[in-house]
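Student: sequence? don't have it. structure:
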């Protein structure tokens, strides 16, 4: 308990401590596996949940930032008159850019997007109006800007998809809360399994604990090996979960990425892994702390 | 070294273990606590190392008020008190050496000091040559000597023994009692709770007799039964 004992590494003491932890850990191997498995399942679900949430968020934010207001002009507004609108748009600070798409370009674009299946030979006239594609700086101002533009006498109609996207994001938030509640419940059950495992170890070692108390070991010292044991179970469970998640990512993400080309998948593996390990260790720490604490209160 | 004043101890189930006990034990003395089972000998020892807290009264050990001691301070008190029991309380999966070292290791002693202190304690109890054996390979007397080495390895000022020879045959009993005397001669205060009459009568040390939780008599160089010492040691 002295300061010099802490600053200088005492290999003999370290070996004794690790020996105690290992003895504890191997004493209830079966229970220990259950504990590790429960933590692993919890953390796999947590990882999957975080991945889905992140994906929805990046997807939603990406779409939102690219929202265009389609401004359809009246038929009697020709190219020259339409160009005048550009200066009006340029004068508004909310608008990032405005590009003019004359009706003939619009048709070309449509052909390009829809491919050879789209047969234009049946069309006698071009049905598309002259159009402006307007982008705003702040996605939230889309409705206001669209309304302002619609008041212009040259404009027939404005259209944008913001409502849909915002509903999607709101749904993601709700989904996130439900998922989080589930994860918390699962973490609690994982903690209970660890706590029970530690209780068995404590029971198996009650003679040692009694002797430790008799010869004047502090409660903190008595606790340490059990806490290390709990944290070890938590970290091993988390490690297992990270392995499973890495495998899943390796298998699933490329397929998803090819199917849903417009979604960007962004996983920061290192940060996520460290976070999940920390969650595992924390669950083990809390569980074992309370489990031993109950026994030491004599 | 030890002072009890007006100490009573009533267990939660209503059993009155000690009733208004006054007792003073000087530094470096050897004291027998005698009396039938259930007269409060063990309870009195438990008060000294704070396994129990008195219902009433004052307990002072080595200048520390034990009855009001905060729980966090109990470990420090116990490092100053060695305790030995009838059932030895050794760890069966550890060797003699490891059992003795355990007391130091769990109180954060540096390995360098452990390596120095354990051989000294084993030498004192005469078990240096059996340090690699497990408790199951030892006789009862040797097991108790291991327990005594563990109790003494940290150099406590007080050694408390609760029926230390209760599980031993007469020759092992003599051996343990001689060891306790030697320890006492080195300056350690020794308190032995026992109902082994012949040992008490042979050794002629201070005898404190408890009866129904009260001190019945307290004699320097006393006998197990006051005044009956001569008859008690008659052969047969």
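Tutor: Received, thanks. Just so it is clear, the structure is predicted and the values come from calculations on it, not from any experiment.

Student: List, one by one, the residues from chain B near chain A.
Tutor: Within chain B, the positions near chain A by CB under 8 Å from any CB of the partner chain are B:49, B:72, B:74-80, B:83, B:89, B:91, B:102-103, B:105-108, B:110-112, B:114-115, B:150-151, B:154. Placement of C-beta: from N, CA and C, glycine included.

Student: List buried residues within the residues you listed.
Tutor: Buried members of the residues of chain B next to chain A, scored by 16 or more other CB atoms under 10 Å in any protein chain shown, are B:49, B:74-75, B:77-80, B:83, B:89, B:91, B:102-103, B:105-108, B:110-111, B:114, B:150-151, B:154.

Student: re earlier: from the residues of chain B next to chain A, which land in helices?
Tutor: Among the residues of chain B next to chain A, the members found in helices (DSSP state H) are B:74-78, B:102-103, B:105, B:111-112, B:114-115, B:150-151.

Student: Using CSV, lay out the residues you listed together with pLDDT and distance to residue A:206.
Tutor: Converted to CSV, those look like this (pLDDT from 0 to 100; distance: CB to CB, whole Å):
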residue, pLDDT, distance to residue A:206
B:74, 94, 18
B:75, 94, 18
B:76, 93, 23
B:77, 95, 22
B:78, 95, 18
B:102, 95, 15
B:103, 95, 17
B:105, 92, 18
B:111, 91, 27
B:112, 92, 31
B:114, 94, 24
B:115, 94, 29
B:150, 97, 18
B:151, 96, 20
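
Student: Can I get those in JSON lines including distance to residue A:178?
Tutor: Formatted as JSON lines, those follow (distance: CB to CB, whole Å):
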{"residue": "B:74", "distance to residue A:178": "48"}
{"residue": "B:75", "distance to residue A:178": "48"}
{"residue": "B:76", "distance to residue A:178": "52"}
{"residue": "B:77", "distance to residue A:178": "54"}
{"residue": "B:78", "distance to residue A:178": "52"}
{"residue": "B:102", "distance to residue A:178": "51"}
{"residue": "B:103", "distance to residue A:178": "54"}
{"residue": "B:105", "distance to residue A:178": "50"}
{"residue": "B:111", "distance to residue A:178": "54"}
{"residue": "B:112", "distance to residue A:178": "58"}
{"residue": "B:114", "distance to residue A:178": "56"}
{"residue": "B:115", "distance to residue A:178": "59"}
{"residue": "B:150", "distance to residue A:178": "57"}
{"residue": "B:151", "distance to residue A:178": "60"}
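
Student: and the residue of chain B nearest chain A?
Tutor: Proximity to chain A, evaluated over chain B using CB to the nearest CB, is greatest for residue B:111 at 2.8 Å.

Student: my guess is that residue contacts residue A:17, does it?
Tutor: No. Judged on CB atoms under 8 Å, residue B:111 makes no contact with residue A:17 at a distance of 11.4 Å.

Student: what's the longest helix in chain B?
Tutor: Using DSSP H, we find that the single longest helix of chain B is helix B:170-185.

Student: That one: what's the following helix or strand?
Tutor: Downstream of helix B:170-185, the next assigned helix or strand under DSSP states H and E is strand B:189-194.

Student: could you give me the average pLDDT of that following strand?
Tutor: Per-residue pLDDT over strand B:189-194 has a mean of 96.

Student: and what of stretch A:122-142?
Tutor: On average, stretch A:122-142 scores 78.

Student: what's the first-to-last distance across that stretch?
Tutor: Using CA to CA, to the nearest Å, the end-to-end distance of stretch A:122-142 comes out at 36 Å.

Student: Same question for it: list its buried residues.
Tutor: Using 16+ other CB under 10 Å as the test for burial, stretch A:122-142 gives A:128, A:129, A:130, A:131, A:132, A:134, A:135, A:136, A:139, A:142.

Student: just stretch A:176-183 next, same as before
Tutor: Quick answer for stretch A:176-183 (16+ other CB under 10 Å): A:176, A:179, A:183.

Student: cool, and stretch A:13-23?
Tutor: A:13, A:16, A:17, A:20, A:21, A:23.

Student: can you tell me which of those residues are in helices?
Tutor: A:13, A:16, A:17, A:20, A:21, A:23.

Student: residues touching the fourth one, list them.
Tutor: Yep, that's residue A:20 we're talking about. Applying CB atoms under 8 Å, 6 or more residues apart in numbering or on different chains, we find residue A:20 in contact with residue A:225.

Student: Quick check: it vs residue A:196, distance?
Tutor: 20 Å (CB to CB, to the nearest Å).

Student: And the first one, by the same measure?
Tutor: Summarising the geometry, the distance separating residue A:13 from residue A:196, computed by CB to CB, is 30 Å.

Student: Could you do the fifth one as well?
Tutor: Computed with CB to CB, the distance linking residue A:21 and residue A:196 is 18 Å.

Student: go on, the second one?
Tutor: From residue A:16 over to residue A:196 the distance is 27 Å, taken as CB to CB.

Student: what do you get for the third one?
Tutor: Computed as CB to CB, the residue A:17 to residue A:196 distance reads 24 Å.

Student: Strands of the stretch 151-298 of chain A, residue ranges please.
Tutor: A:155-159 (DSSP state E, counting those that start in this stretch).

Student: Pull up the residues of it that are close to chain B.
Tutor: Residues of the stretch 151-298 of chain A lying near chain B (CB under 8 Å from any CB): A:207-208, A:210-219, A:221-222.

Student: Return the subset of those residues lying in helices.
Tutor: Using DSSP H, these in helices are A:207, A:208, A:210, A:211, A:212, A:213, A:214, A:215, A:219, A:221, A:222.

Student: Just the buried ones from these?
Tutor: Buried among those (16+ other CB under 10 Å): A:208, A:211, A:212, A:213, A:214, A:215, A:219, A:221, A:222.

Student: what does stretch A:279-297 rub up against?
Tutor: By CB under 8 Å, 6+ apart, the list of residues contacting stretch A:279-297 reads A:39, A:42-43, A:46, A:187, A:190-192, A:194-196, A:198-199, A:202, A:206, A:209, A:219, A:222-223, A:226-227, A:229-239, A:241.

Student: what pLDDT, on average, does that stretch get?
Tutor: The model assigns stretch A:279-297 a mean pLDDT of 84.

Student: Same question for stretch B:84-97.
Tutor: Averaging pLDDT along stretch B:84-97 yields 94.

Student: next one: that stretch to chain centre, how far?
Tutor: On the basis of CA atoms, centre = their mean, to the nearest Å, stretch B:84-97 sits 15 Å off its chain's mean C-alpha point.

Student: Pull out the buried positions in it.
Tutor: Neighbour-count burial for stretch B:84-97 flags B:84, B:85, B:86, B:88, B:89, B:90, B:91, B:95, B:96, B:97 (criterion: 16+ other CB under 10 Å).

Student: of all these, which comes closest to residue B:191?
Tutor: Of all these, residue B:191 sits closest to residue B:84, with 10.4 Å by CB to CB.
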